[in-house]
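Trainee: Sequence first, then the predicted structure:
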Protein chains: 2
Amino acid sequence: MGPPHPPRERADAARNRRKVLDAAAALFAERGVDAVSLDLVAAEAGVGKGTVFRRFGDKSGLAAALLDEREQQLQRAILCGPPPLGPGAPPVARAAAFTRGYLDYVFDNPELVRMSETASPGARFRIGAFRFWHQHLAVLLGEAGEPAARASVLAHALLAPLAAEHLLAQLAAGAQRADLVDGLVRHAELVVAGC
Amino acid sequence: MGPPHPPRERADAARNRRKVLDAAAALFAERGVDAVSLDLVAAEAGVGKGTVFRRFGDKSGLAAALLDEREQQLQRAILCGPPPLGPGAPPVARAAAFTRGYLDYVFDNPELVRMSETASPGARFRIGAFRFWHQHLAVLLGEAGEPAARASVLAHALLAPLAAEHLLAQLAAGAQRADLVDGLVRHAELVVAGC
DNA sequence: CATCGAATCGGACTACAGTCCGCTTATGTC
DNA sequence: GACATAAGCGGACTGTAGTCCGATTCGATG
């Protein structure tokens, strides 16, 4: 058999995706994530509205695409980076390191993360990355001795307070970033240590 | 001085509020919370659109108004009901009882709670009730020995996974309600016990 | 290079959230 | 009971999310 005609992305499609991502990054940085409509992104990118929606679905998909690289970086560090974030350290230390790493990721661009999580209802859980974080924590909890059903729920409990919306709400209420990191790392340690 | 003209609610305003709440309850129950627009609620209630928005702000406000009674019931039980939910029991037991009570409240009407939490961004934290729950847990954590800044963050961490959106996502992913309750009660115990 | 099938494009279109302001109606006073 | 005042009403209006499908462009093939 010859080459199975791998369905490559068309050249114009790739070009348009870049134009949209560049325009979105510029507009988000300039005016703030909330003040930018997808209409505007499309106009600025010089493409039609339908193109933006077909490719990214909604604003949360667009935000997720912009965050993709940073996110994969963290995933790689977990899968094959040095401990305690990567494999090799005990579960409590890995969970604490994950919490720090994830908070760094969120605080890097909180508005964008919030948008990727909340633009459409349940968006956060549909993202592939969420499953990755959840799976990682559930495995750590399993290693620490929790039964599977409970480990899954506790993994959710560890991830829930890391949502950008929660963090931003606490900052807006006057909390310090250092206190958030401190409290959430302790939270992770307490839960994984399991008393 | 005479009576200071207490700004009472006008009779027609009260009548309209009832009409809107009744129409909303009926439509939400019949078609599901998501499939009902406020336009439709206004039409069904026989009032203008502006009336609905002026009084309830948005769909989350309307949902919150419908939940108000059930919510105050839980608040009363915490403030002056019998232990372990009410005062008198040790912090760990009270936090566990709160978790059970709150989950009962959410599972009573999950779609409505989700709407009250997510219709507008950050809605959950603006509701007065959220502050109440947060304060309650922060006090319990303080009694258990946590310093104030950390107690506030941990109280957030206890509340975050109780969001209807999280619970519904887990149910949709196949989790059982009993496992959620079990895991989240344990979560609360672990955090308040503080190792 | 000409042709063809299919993937992609783009903007008109629908529906909804939320605002605004001239009109109506209730309430308290004489 | 009539009046003055302010609170409340309601629907027209604006801007955005998201859909849809006829027109266009791509890339492979002979």
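Mentor: Nice, thanks for sending it over.

Trainee: Over to the closest residue in space to A:Leu141 that isn't next to it in sequence. Which of the three states is it?
Mentor: Nearest non-adjacent residue to A:Leu141, counting by Cβ to Cβ, 6 or more residues apart in numbering or on different chains: A:Ala151, 3.9 Å away. (Each C-beta comes from the backbone N, C-alpha and C, glycine too.) Of the three states, A:Ala151 takes helix under DSSP: H, G, I helix; E, B strand; the rest coil.

Trainee: Hmm, A:Ala151 is touching A:Gln135, no?
Mentor: No. The pair A:Ala151 and A:Gln135 does not pass the contact test of Cβ atoms under 8 Å, sitting 10.4 Å apart.

Trainee: Looking at these two, which one has more neighbours?
Mentor: A:Ala151 (21 against 12; other Cβ atoms under 10 Å in any protein chain shown).

Trainee: tell me the contacts of the more buried one?
Mentor: Going by Cβ atoms under 8 Å, 6 or more residues apart in numbering or on different chains, A:Ala151 touches A:Ala138, A:Leu141, A:Gly142.

Trainee: Verify the assumption that A:Glu71 is located in a strand.
Mentor: No. Going by three-state DSSP, the assignment for A:Glu71 is helix, not a strand.

Trainee: From DNA strand D, how far off is it?
Mentor: Remark: distance between A:Glu71 and DNA strand D (Cβ to the nearest atom of the strand, to the nearest Å) = 21 Å.

Trainee: That residue and A:Ala129 touch, don't they?
Mentor: Yes. At 5.3 Å, A:Glu71 counts as touching A:Ala129 under the criterion of Cβ under 8 Å.

Trainee: any low-confidence regions in chain A?
Mentor: A:1-8, A:195 (pLDDT under 70).

Trainee: residue boundaries of the helices in it?
Mentor: Assigned by DSSP state H, chain A shows helices spanning A:11-31, A:38-45, A:49-56, A:59-80, A:91-108, A:110-118, A:123-126, A:128-143, A:148-159, A:164-172, A:177-193.

Trainee: Out of these, which is closest to B:Leu168?
Mentor: Between B:Leu168 and the helices of chain A, the tightest spacing by Cβ to Cβ is seen for helix A:123-126, at 9.3 Å.

Trainee: So which bits of that closest one are buried?
Mentor: Residues A:Ala123, A:Arg124, A:Phe125 are the ones in helix A:123-126 that count as buried (16 or more other Cβ atoms under 10 Å in any protein chain shown).

Trainee: and chain B, which of those contact it?
Mentor: Filtering the buried residues of helix A:123-126 for proximity to chain B by Cβ under 8 Å from any Cβ of the partner chain leaves A:Arg124, A:Phe125.

Trainee: Please look at A:Leu40 and A:Phe28 and confirm they touch.
Mentor: No. Look at A:Leu40 against A:Phe28 with Cβ under 8 Å: they stay out of range, at 10.6 Å.

Trainee: nearest residue to A:Val20 other than its sequence neighbours?
Mentor: Nearest non-adjacent residue to A:Val20, counting by Cβ to Cβ, 6+ apart: A:Ala45, 4.6 Å away.

Trainee: thinking the one you found is in contact with A:Arg17, fair?
Mentor: No. Using Cβ under 8 Å, A:Ala45 makes no contact with A:Arg17, being 9.5 Å away.

Trainee: Tell me which of these two has more neighbours.
Mentor: Taking other Cβ under 10 Å, A:Ala45 and A:Arg17 do not tie; A:Ala45 has more neighbours (21 against 18).

Trainee: Now the terminal residues of stretch A:81-99, how far apart.
Mentor: Chord length of stretch A:81-99, first to last residue, is 15 Å (Cα to Cα, to the nearest Å).

Trainee: Okay, buried residues for that stretch please.
Mentor: Buried residues in stretch A:81-99, defined by neighbour count with 16+ other Cβ under 10 Å: A:81, A:84-85, A:89, A:91-99.

Trainee: Write out the residues of chain A neighbouring DNA strand D.
Mentor: Residues of chain A lying close to DNA strand D by Cβ under 7 Å from any atom of the strand are A:5, A:8, A:10-12, A:37-40, A:49-50, A:53-54, A:58-59, A:119-120.

Trainee: Which residue ranges make up the domains of chain A?
Mentor: Domain assignment of chain A by automatic domain parsing yields the ranges A:8-57, A:59-193.

Trainee: picking that back up, now, of the residues of chain A next to DNA strand D, which are buried?
Mentor: A:Leu38, A:Lys59, A:Ala119.

Trainee: Check the burial of the closest residue to the first one other than its chain neighbours by counting its neighbours.
Mentor: Spelled out, that is A:Leu38. The spatially closest residue to A:Leu38, leaving aside those adjacent along the chain, is A:Val52, at 5.3 Å (Cβ to Cβ, 6+ apart). Neighbour count of A:Val52, defined by other Cβ under 10 Å: 25.
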